[in-house]
Every structure is written in structure tokens, then in C-alpha cells.
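Novice: this one's structure only:
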């Protein structure tokens, strides 16, 4: 009798646990379904950018807001980044294209571009600063933040070059490529290219004519390569293609890891591998875009066969978490993942790169499913359903790690959703499966609880 009661208790606890899990999964599925069925995710993000992050006085987008409170009203002085504004321009442009409505781009995208060109561009060397104050001014030269503000970062130059090319394609205003585009492309190859060892440095400080960091990062090779590929495609100038080829050779010769068949995060100036190197999701994504673009332009199948396919396999085998259906931020050389967190911007960029590359490859069904699952979980875990914007960072279990809302965390997801929509974003079957499990467990619990014990009934009859 004691054993029977013990098993009954265990069975009851098991059913109760299953009911809680199925309820949680059902609610998550329902939240995602509601967000998807509304079909205004992109509109919500655009509204959030305009209502909370747009500077109505000077134009341009602020870096972030804290707890949905407008930064100019807070204690910390607002700043504006080249990087964040470049992605805002690109995202709003793609939004206008996808909606066949030029108003949003002309009213906010073009004004942002003009703000960047007028205030974030160094008029002397024609490269873009890291960030500036709200009104377009630099910090005072004696300010502790002055050097950080005037840093001219390679990735941001590349992003602005890509932005200028995309705006030119939309407006057909040749000034964007013949003047500003040419200036930025030349800044990359004259100020950040290492003529002795090859490869691009990451950061240059103009007032001292100095390179700040002598490490060579995969991220800072891939983006200049992508931007110069785009610029070569527009201009046909072979000089830029030469730098692209040299950059890709540098990546292959010094940053390719033959053991894992993926790219390490960094090496020393002369190409020697840095023992602190890891494997980052964003690095692999940027490389996918660079090599895919180069393969399409040059017809070089080596990029596709020897690098694109292995990187995709590495990403699936080492940087994908089946339990949470999400991508890791990075892993070490042992394939271990130190953190179970992601940022919407990094994740969206990775998903964009994967979606672009797999279209040119065979046997991509498994990757499309992975992309769809990852997008679904990003919305479920990182989207603020009340404010209608993305948090800055989230853990895989749904815990929000940073409640601030950064401009870049809105713009790159917006950019992604303008280019790619899941084939089956709404899994109503899963919802009904979880609902069935939940109802079944509740019915079972009620049945067990109220079922009369036949042994006790027999005892009552004997007593009578």
C-alpha cells in the first residue's frame, strides 16, 4: 500500500511538471503567433525608432534609450554613432522599398544621411568619426572621451560605403559614389591598410595619424572586403578589386583554422595567430557574405567549395544550440560556449548572412528551419511586447540581460525582416500539440486526485 501511494505521488508530480512545461511552451507559441499574425512587426519597429530614438531637433538617431525614457531627458548626454545611423539608413531604405513607399526613407533616412555627412565626416581625411554629441559637435579636445569619439573605425567606414552605394542605387544621385563613396573607399585603403604585412587595421586616430590597435581581426577584414566588392561592382575600378583579393588572401593565409574549418577571430600584425583567438558567430557571418559576393563576381568556386560550405557546417555543429533553438555568440578552440546569450543585432546579422548564402547552395532545408527557429525565439525572448522594441541582450532561457533599447538592436532586425520572412513563421500545430498535452495532464491529475481507492472501498464494506 505504501509503495502504491509512493508511485501515485511520483506520477502526480510528473504530470504536474509536464502540465507546467506544456503551459509555458503554449504561451510562448501563442505570443509568437500573435506577434506574427499582426503583420506589423516592421511597422512597430519603425514607429519605435521614430518615436523614441529620432532627434527631432537636430535629426539623426540617438544611441539608445534607457527603460523607455528618452535619453535627452535623462542624466547622461545623448550621443550619435556613425555605425548605428548607417544601419538606420539602410534599414529605413529597405523598409521603404519593401512597402513601395518612399516617405519614411526620405523623411528620416535621407535626413539621417545628411546629418552623418555634415557632422560625423572628418572634412580633412574624409573618414567618419566613431560618435559625436547630440548637436553634431565633438567632445572638447581635452575631454577624456575625445580620442574615443574621433576614432575612425574600419567597419564603420565600410558600413557607410555600403550605405552610400545603396542610397545611390535608390536615388541615382551619383554624388553618393563619385564623391563621398570614393572618399571613403580611398580612406580605407590609405589609412587602414597595412602595406607591409597586408590586411586592414581596425582603428585609426586622425589627430595623431596613428593606428590604435595592431591586431588584425577577421571582422575588420571581412567588412572592408564586402564594401570594396560593392564599390568595384559599381565603378569597375580594378584597384578596389585588387585590395579585395589581397584581403581575402590574408584571411585564408592567416586566420583560417584548418582543424575546425572556420575563421579565427584575430591574429597579430604580421599574421601570426593570436593564442587568445576564438570563433565568433558574427565573424563567420561576415566571411560568408564576403566570400559569397566574391564567388558570384569572380566565378571563383574555390571560395564556395573550400570555405562557404565548411563555415556553414561549423556554424551548425559548433554554434547552434538544439535545446534552446538558438545560435551561440561564440565558442573557444575546444568548441565550448561560455555564454548562453545573444544580442538581436548580432543574431539578425548572422541570420541575414545565412539566408543570403544558402539560396545559392544545395540542401538548404535544414538551414532554413534553423533560421526560422532562431528568428522565432529572438522575437519571443527579446521583443518588448509593450514598448514594441528589442531589448539589447537576452539569455537563451528568455531572461533579459539588458533592458536598454539601442538603435542598432532595432535597425538590424528591421533590415533582416525586410529581406527575409520565415516560410512557416506560425507553428499553430505546435500550439495545439502543447494545448493537448496540457489538457491531457490536467484531466489525468483530476482523475487521479478524485478517483476513489478500491481498497478503501473494500475496507468500508468489511466494517459494515
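Specialist: Yes, it's here. This structure is a prediction, so every number in the text was calculated from the model and none was measured. Residues are numbered from 1 along each chain as shown.
Novice: the strands in the stretch 1-150 of the chain, which residues?
Specialist: When assigned using DSSP state E, counting those that start in this stretch, the strands of the stretch 1-150 of the chain occupy the ranges 64-65, 79-81, 131-133.
Novice: Put together TSV for these, with mean pLDDT and distance to residue 280 on each row.
Specialist: Every residue, glycine included, has its C-beta placed from N, CA and C. Formatted as TSV, these follow (pLDDT from 0 to 100; distance: least, CB to CB, whole Å):
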stretch	mean pLDDT	distance to residue 280
strand 64-65	90	23
strand 79-81	95	21
strand 131-133	95	23
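Novice: Now render the ones you listed as JSON lines, adding distance to residue 299.
Specialist: Formatted as JSON lines, the entries for the strands of the stretch 1-150 of the chain read as follows, by distance: least, CB to CB, whole Å:
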{"stretch": "strand 64-65", "distance to residue 299": "43"}
{"stretch": "strand 79-81", "distance to residue 299": "37"}
{"stretch": "strand 131-133", "distance to residue 299": "40"}
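Novice: for those, which one sits closest to residue 409?
Specialist: Between residue 409 and the strands of the stretch 1-150 of the chain, the tightest spacing by CB to CB is seen for strand 64-65, at 8.1 Å.
Novice: What segments of the stretch 151-300 of the chain are helices?
Specialist: Defined through DSSP state H, counting those that start in this stretch, the helices belonging to the stretch 151-300 of the chain, from first to last, are 154-171, 175, 182-187, 218-235, 238-250, 281-298.
Novice: what about residue 243, distance to residue 145?
Specialist: 32 Å (CB to CB, to the nearest Å).
Novice: low-confidence ranges in the stretch 351-464 of the chain?
Specialist: 360, 362-365, 422-432, 434-435, 438, 445, 447-464 (pLDDT under 70).
Novice: can you rerun that using 90?
Specialist: Flagging of the stretch 351-464 of the chain using pLDDT under 90 yields the residue ranges 358-369, 385-387, 398, 401-403, 420-464.
Novice: which residues of it fall in helices?
Specialist: Taking DSSP H, counting those that start in this stretch to define them, one finds helices in the stretch 351-464 of the chain at 365-382, 407-419, 428-450, 454-463.
Novice: So for the residue nearest to the spatial centre of the chain, what's the pLDDT?
Specialist: The residue at the geometric middle of the chain, judged as the C-alpha nearest the mean C-alpha position with CA atoms, centre = their mean, is residue 346 (2.4 Å). pLDDT, residue 346: 97.
Novice: For the nearest residue to it once chain neighbours are set aside, the count of nearby residues, please.
Specialist: Taking CB to CB, 6 or more residues apart in numbering as the measure, residue 346 lies nearest to residue 282, with 5.2 Å between them; neighbours along the chain are not counted. Around residue 282 there are 20 other residues, counting by other CB atoms under 10 Å.
Novice: Likewise for residue 109?
Specialist: Neighbours around residue 109, by other CB under 10 Å: 24.
Novice: again with residue 187
Specialist: 23.
Novice: quick one: residue 117 from residue 167, how far?
Specialist: According to CB to CB, residue 117 and residue 167 sit 11 Å apart.
Novice: sorry, back to before: is the residue nearest to the centre of the chain in a helix, a strand, or coil?
Specialist: helix (DSSP: H, G, I helix; E, B strand; the rest coil).
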